[in-house]
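Chemist: Got a predicted structure plus its sequence, pasted below:
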Amino acid sequence: MYNRRGQTIFHGGRISEVFEKAYNSIKSTIEDEKEDYILNVNENDYVGHIESKHRIIPPQIHFDQVSADSYEADIPAESFPGDFHVYQGKSYKKEVIQYFIAVSGNISLLKYGPASTYYFGGGGDFEVKGDSILVEFINFRNNPEELKQKFQSEVNGIHSNYNGLIADIENFNNSLKGQIRSIFDERKNKILSKKSLLSSLGVPLRKKENVAATFAVPKPELREKIVVKPVVYEKGFKPEPTLDEATYRKILKLINDVGKNFERMPSVYKDKGEEDLRDHILMTLDPNFELGSASGETFNKSGKTDIQLRYDSAVIFIAECKFWSGEKNYLATIDQLLAYLTWRDTKASVVIFARQKDISAVLAKVDESTVKHSNYLQFVGKSDENWFNYRFHLNGDRGREVMLAVQLFHLPV
């Protein structure tokens, strides 16, 4: 090799230094946010915003894109092989062959070696030059095959460190969202603890004793885009009742079991209307749960087809029961349901009864239509073939999320 004029790849420290700086920056950013902002912001939007700022674009070495060039230089006698007749202290004109390999992405990261397994014999004699990495050889013997072998040897030496570097960056990117959420939750919990509000955020529900459950309730199982920083319009923060995730899943599981029972006995339920089917679900839910510390009704019906769980006059769960009658009415049902909900982290369900013979077509239409709703945020996953889980936001406020389950049951005519 000849004339290392700049920073050679993999010799500028370990990539873990970059990761550490990123984590420190993330922590500093979150710590600097105002308390009201942390307590009111949509957590998923905020985490996505921070992730988009710190996600690392890996450098790419395009080994298949190689070019060459040459120039003449004065080479000191001390650099010549021993079988050349040269005089110490003098310089001689020789051709220097340059090999360029195209690179892209975050090229500056090529100066770092992998975090854990660095191979000292693993290349690194290439220098970053513009949008390429460059290595040079002095053409002493005018032997093309010898020059090719030297170049290929250098290329082969890069791979171990390069592969390790890319793997480290991918691991960082894959774990980034979880790390940010952990830092965010730590800050939020400290604020809540200081304000003595943590205990008031949940609404514990417990199973009533000595009630024969109609159905068994198993323990529930639990490329780069720019995301603008979420804006919080509401000032101040106050504790609000919220239905805990485990109880929400138990409620949905009971609804799902009741709906599956409808499907198993179609002749019994084929002539039932929305309110009749709703009442069967209601009769199963109400005996199985009671509020932990509140007085008043637990599950009750409000309106034509609603099933509501209330806590101190606040609606913290609602199920809307409808027969399937196409995309337009389905999206209108979501509109109707969202209009009821005014509290943080409210949980909800749309229960759909399908009379159509082709239930697969209805399931596909629900999957296709839901994302079109203006309040749609994210598809979370499926708990069953007929059970979709989504994240929505309340009207006009992305900071207030609704967990929305859509459950379909086949009751053909």
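Modeler: Cool, got the structure.

Chemist: in which helix or strand would I find Ile166?
Modeler: Per DSSP states H and E: Ile166 is located in helix 144-194.

Chemist: and what of Glu20?
Modeler: Here Glu20, judged by DSSP H and E, is contained in helix 16-32.

Chemist: Show me what the next helix or strand after that helix is packed against.
Modeler: Note on helix 16-32: by DSSP H and E, the next helix or strand toward the C-terminus is helix 35-40. In this structure, helix 35-40 makes packing contacts with helix 144-194, judged by 3 or more C-beta pairs under 8 Å, 6 or more residues apart in numbering; DSSP states H and E. For every residue, glycine as well, the C-beta is placed using N, CA and C.

Chemist: any idea of the angle the helix it packs on forms with helix 16-32?
Modeler: Using axes from the mean of the first three to the mean of the last three C-alpha atoms, to 10 degrees, one finds that helix 144-194 and helix 16-32 are set 20 degrees apart in direction.

Chemist: other SSEs contacting helix 144-194?
Modeler: Secondary-structure packing of helix 144-194 (3+ C-beta pairs under 8 Å, 6+ apart): helix 16-32, helix 35-40, helix 43-54, strand 60-76, strand 91-104, strand 132-138.

Chemist: roughly how far out does that helix sit from the chain middle?
Modeler: Computed by C-alpha atoms, centre = their mean, to the nearest Å, the chain-centroid distance of helix 144-194 equals 18 Å.

Chemist: ok and it relative to helix 43-54, angle-wise?
Modeler: Between the axes of helix 144-194 and helix 43-54, defined by the same axes, to 10 degrees, the angle is 150 degrees.

Chemist: quick one on the thing from earlier: Provide the contact partners of the helix holding Glu20 at residue level.
Modeler: 38, 50, 54, 56, 109, 112, 115, 168, 172, 179-180, 183-184, 187 (C-beta atoms under 8 Å, 6 or more residues apart in numbering).

Chemist: Do you have the strands of the stretch 301-413 of the chain handy? List them.
Modeler: 306-311, 314-323, 346-354, 376-384, 387-394, 397-410 (DSSP state E, counting those that start in this stretch).

Chemist: The closest residue to Tyr269 other than its chain neighbours: what's it in contact with?
Modeler: Leaving aside its sequence neighbours, Tyr269 sits nearest to Phe262 (C-beta to C-beta, 6 or more residues apart in numbering; 4.8 Å). Phe262 sits next to 269, 277, 280, 353, 409, 411 when contact means C-beta under 8 Å, 6+ apart.

Chemist: ok, of these, which one's closest to Asn395?
Modeler: Nearest to Asn395 among the contacts of Phe262: Phe353, at 26.2 Å, using C-beta to C-beta.

Chemist: Kindly provide the distance from the closest one to Ile101.
Modeler: Phe353 sits 62 Å away from Ile101, going by C-beta to C-beta, to the nearest Å.

Chemist: May I have the beta-bridge partners of Glu401?
Modeler: His393 (DSSP bridges).

Chemist: right, and it touches Val380 too?
Modeler: No - here Glu401 does not reach Val380: they are 11.0 Å apart, not a contact under C-beta atoms under 8 Å.

Chemist: So for the two, which residue has more residues nearby?
Modeler: The residue with more neighbours, out of Glu401 and Val380, is Glu401; 22 against 13, by other C-beta atoms under 10 Å.

Chemist: Return the backbone torsion pair for Lys372.
Modeler: As for Lys372, its main-chain torsions (degrees, to the nearest 10) stand at phi -80, psi -10.

Chemist: What score does the residue lying closest to Ala102 once chain neighbours are set aside have for pLDDT?
Modeler: Closest residue in space to Ala102, ignoring its immediate chain neighbours: Gln65 at 3.8 Å, by C-beta to C-beta, 6+ apart. For Gln65, the model assigns a pLDDT of 94.

Chemist: Quick check: Gln65 touching Ser104?
Modeler: No - counting by C-beta under 8 Å, Gln65 does not reach Ser104; the two are 9.6 Å apart.

Chemist: hang on, the earlier thing: tell me the spacing between the residue nearest to Ala102 and Phe126.
Modeler: Taken as C-beta to C-beta, the span from Gln65 to Phe126 is 14 Å.

Chemist: Identify the contacts common to these two.
Modeler: Common neighbours of Gln65 and Phe126 (C-beta under 8 Å, 6+ apart) are Ile101.

Chemist: Pick out whichever of those two has more residues nearby.
Modeler: Legend: neighbour count by other C-beta under 10 Å for Gln65 and Phe126, higher for Phe126 (26 against 12).

Chemist: helices and strands of the protein: which one bottoms out on pLDDT?
Modeler: strand 205-207 (a mean of 52; mean pLDDT, DSSP states H and E).

Chemist: Residue ranges of each domain in this structure, please.
Modeler: The chain breaks down into these domains under automatic domain parsing: 16-62+96-186, 205-410.

Chemist: how about the helices and strands packed on helix 144-194 in CSV, adding distance to Asp358?
Modeler: CSV is the format used below for those (distance: least, C-beta to C-beta, whole Å):
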stretch, distance to Asp358
helix 16-32, 49
helix 35-40, 45
helix 43-54, 35
strand 60-76, 47
strand 91-104, 48
strand 132-138, 58
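
Chemist: Identify, out of those, the most deeply packed stretch.
Modeler: strand 132-138 (a mean of 21; mean count of other C-beta atoms under 10 Å).

Chemist: Could I get the CA-only coordinates of that one as CSV?
Modeler: Extracted C-alpha coordinates of strand 132-138, given in CSV (Å, rounded to 0.1, in the frame of the first residue of the first chain):
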residue,chain,number,x,y,z
SER,A,132,-15.5,5.8,-2.4
ILE,A,133,-12.9,4.0,-0.3
LEU,A,134,-9.5,4.1,-1.8
VAL,A,135,-6.4,1.9,-1.6
GLU,A,136,-3.2,2.5,-3.5
PHE,A,137,-0.3,0.2,-4.7
ILE,A,138,3.0,1.2,-6.2
